[in-house]
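Enquirer: A structural model of the following input is requested.
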Amino acid sequence: MGRARLTICLTLLSVAISNTIAFAVCRLFFPDMAFGPAWYMTATLVPMLAAPFSFFVIITLLWEIETKNQILRRLIHLDDLTATFNRRHFREETERLANGLVGRGDCVSLILLDIDFFKKINDQHGHAGGDATLVEIARRCQRAVRRDDIVTRFGGEEFVILLPRTDTETAGQIAERVRAAICETPIVHDGGTITATASLGIACSSEIDGSASVETLLRIADTRLYRAKAGGRNRVVAAEEAA
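Expert: Reported below is the predicted structural model:
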């Protein structure tokens, strides 16, 4: 309900309450008082004139407070550099969602991504270059995944992508799309370019028993991520490659 509508409803309610209270008080203390048109007009007009402004101001203030609270709640769960979700959101919301899907028997996949040679990028281009790389890679990840997939900056140069209702094959296709999006075009920064690649490990709940948690998926994906690093970097390692 909009603010104007709510103000009108509350004004009408206040008029009805005002009339009821005024009538009851007058009947109690002035039982012989006559209730003519002037009395009813006064009991109606006073709240009708005063209430709209008061209610509109109060509703507007409450509306603004709630809007700001929603913004704050969102900011608490966002990484301040990349604007992706942060580790806190992953632990509080994403993990709960994933565990719920797994508990219902739905397939959930997880991609763990680490930027290759990130320290070298920082050394060569400074921390501003490193930050620009993180921001651009986060943007490319979000553009490469689907609408319902959740990209999280897990810490440092590491990202987690949760893929709800996704099997290993589809997860592999998405991971490859993310990898290609990162490495195919250099990142423009401060008049120059930065070449970045990433290694990715994939884990899927269908590979393990139905009680598998997100923590289990993270451990499996982490093992495969390091196999991708050991295998030359800039690659994706999934179940069949990890065997």
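Enquirer: So which residues make contact with the one helix or strand residue 175 maps to?
Expert: In the assignment (DSSP states H and E), residue 175 maps to helix 168-183. Applying Cβ atoms under 8 Å, 6 or more residues apart in numbering, the contact partners of helix 168-183 are 109-111, 113, 115, 137, 140-141, 143-146, 149, 161, 163, 166, 195-198, 200, 202, 204, 206-207, 234-236, 238-239. Where C-beta positions appear, they are placed from N, C-alpha and C, glycine not excepted.
Enquirer: Residue 195 contacts residue 186, doesn't it?
Expert: Yes: the pair residue 195 / residue 186 is scored as a contact, 5.1 Å apart, by Cβ atoms under 8 Å.
Enquirer: Can you report how many residues lie near residue 190?
Expert: Residue 190: 11 surrounding residues under other Cβ atoms under 10 Å.
Enquirer: And the pLDDT at it?
Expert: The model reports residue 190 with a pLDDT of 92.
Enquirer: all strands in this structure, in order from the N-terminus.
Expert: Along the chain, the stretches classed as strands by DSSP state E are 108-115, 150-155, 158-164, 187-189, 192-194, 198-204, 236-237.
Enquirer: Rank the helices and strands of this structure by mean pLDDT and give me the bottom one.
Expert: Ranking every helix and strand in the chain by mean pLDDT, DSSP states H and E puts helix 239-242 at the bottom, with a mean of 61.
Enquirer: Quick check: buried residues in the helix holding residue 175?
Expert: Across helix 168-183, burial judged by 16 or more other Cβ atoms under 10 Å covers 168, 171-172, 174-179, 181-182.
Enquirer: With stretch 91-101 instead?
Expert: For stretch 91-101, by 16+ other Cβ under 10 Å, it's 94-95, 98-99, 101.
Enquirer: Could you do stretch 226-242 as well?
Expert: 228-229, 234-239, 242.
Enquirer: Show me where this structure has its helices.
Expert: Taking DSSP state H, the helices of the chain run over residues 3-29, 37-76, 87-89, 95-103, 118-144, 168-183, 214-230, 239-242.
Enquirer: how about the buried residues of stretch 91-101 in JSON lines, adding pLDDT and distance to residue 217?
Expert: Shown next, in JSON lines, are the buried residues of stretch 91-101 (pLDDT from 0 to 100; distance: Cβ to Cβ, whole Å):
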{"residue": "94", "pLDDT": "80", "distance to residue 217": "11"}
{"residue": "95", "pLDDT": "79", "distance to residue 217": "10"}
{"residue": "98", "pLDDT": "81", "distance to residue 217": "8"}
{"residue": "99", "pLDDT": "79", "distance to residue 217": "10"}
{"residue": "101", "pLDDT": "82", "distance to residue 217": "11"}
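Enquirer: From residue 77, how far off is residue 92?
Expert: According to Cβ to Cβ, to the nearest Å, residue 92 stands 8 Å off from residue 77.
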